[in-house]
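Peer 1: Got a sequence here, can you model it:
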Amino acid sequence: MILLRSFVFNVGFFVGTLFLMIVFLPALIVGRRALPWCGRVWARMLRWWLAVGIGVRIEIRGEVPSGPCLIAAKHQSAWETIEFFRLLPDACFVLKRELVWIPMLGWYIARNRQIVINRSAGASALKRMLAEVELALAAGRQIVVFPQGTRVAPDVKRPYQSGIGFLSNHLDVRVIPVALNSGVVWGRNKFVKCPGTIVLEFLKPMPEGLGSRVFIEELSTRIELASQRLAVEGRQSIRRPRKGGVM
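Peer 2: Purely as a prediction, here's the structure:
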């Protein structure tokens, strides 16, 4: 039963996303102001479809920030990328360049002025990222950074990259860690989605005045410990099939 529900969910999510991208095409012409609203509609569609199609519950903890800030978030699935459009007034992501090459999605990324980096460019990429982040913060946007650089499964260790430390050293702005357990329910590149509870938790802002190395160590400790705790909760929330395979 869970395989069938996952199949229906995956097809519905793909079709629904494609439909919204087509419907929202006029927003690309009107201007960027309409795009945060489009993102919220997309996120609400996903929330509803996860609940109806899979039986996933979503819980948001902590204080959702407003105004300019850096969000340093754990990244385990596609879910949190979309959910941040619903949670934040004007989310701006630091993204890898390859995403711009995806048909239609790339148009929205460019028009919504997301920050696209070429990870192979080294120091020049960091300088360009800093300049674009400063512009976005000046516009009052919330910058979402995934410090590990990619989706990482729960309980898998992967180092935190230097970019977030570089930004914290050069910017006078709040840095808010985010822990989550979405990978327990919706794993990276996993066909099956599990009926459980996804929790996303905004943690306390990072202390000011830390050096880059100490900052990254403290950030990773906070996010990893909280995410491990949430992973335990997530596994306990998953409803297992009864004998006979019926949910």
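Peer 1: low pLDDT regions in this protein?
Peer 2: Within the chain, the ranges that satisfy pLDDT under 70 run 239-247.
Peer 1: center of it - which residue?
Peer 2: Centrality entry for the chain: nearest residue to the mean C-alpha point is residue 81, 2.8 Å, by Cα atoms, centre = their mean.
Peer 1: who's in contact with the stretch of helix or strand residue 116 belongs to?
Peer 2: If you go by DSSP states H and E, residue 116 is part of strand 115-117. Contacts to strand 115-117, defined as Cβ atoms under 8 Å, 6 or more residues apart in numbering, come from residues 92-97, 99-100, 109-110, 125, 128-129, 132-133, 136, 143. To be clear about C-beta, it is placed using only N, CA and C from the backbone, and glycine gets the same treatment.
Peer 1: For residue 35, see how far away the nearest residue to residue 28 once chain neighbours are set aside is.
Peer 2: Nearest residue to residue 28, sequence neighbours excluded (Cβ to Cβ, 6 or more residues apart in numbering): residue 111, at 5.0 Å. Distance from residue 111 to residue 35, counting by Cβ to Cβ, to the nearest Å: 6 Å.
Peer 1: which residues are common contacts for the two?
Peer 2: In contact with both residue 111 and residue 35: residue 27, using Cβ under 8 Å, 6+ apart.
Peer 1: Please identify which of the two sits among more neighbours.
Peer 2: residue 35 (21 against 16; other Cβ atoms under 10 Å).
Peer 1: quick one, phi/psi of the residue nearest to that one when sequence neighbours are not counted?
Peer 2: In this structure, residue 35 finds its nearest non-sequential neighbour in residue 112, 4.4 Å apart by Cβ to Cβ, 6+ apart. Backbone torsions of residue 112, given as degrees, to the nearest 10, read phi -90, psi 10.
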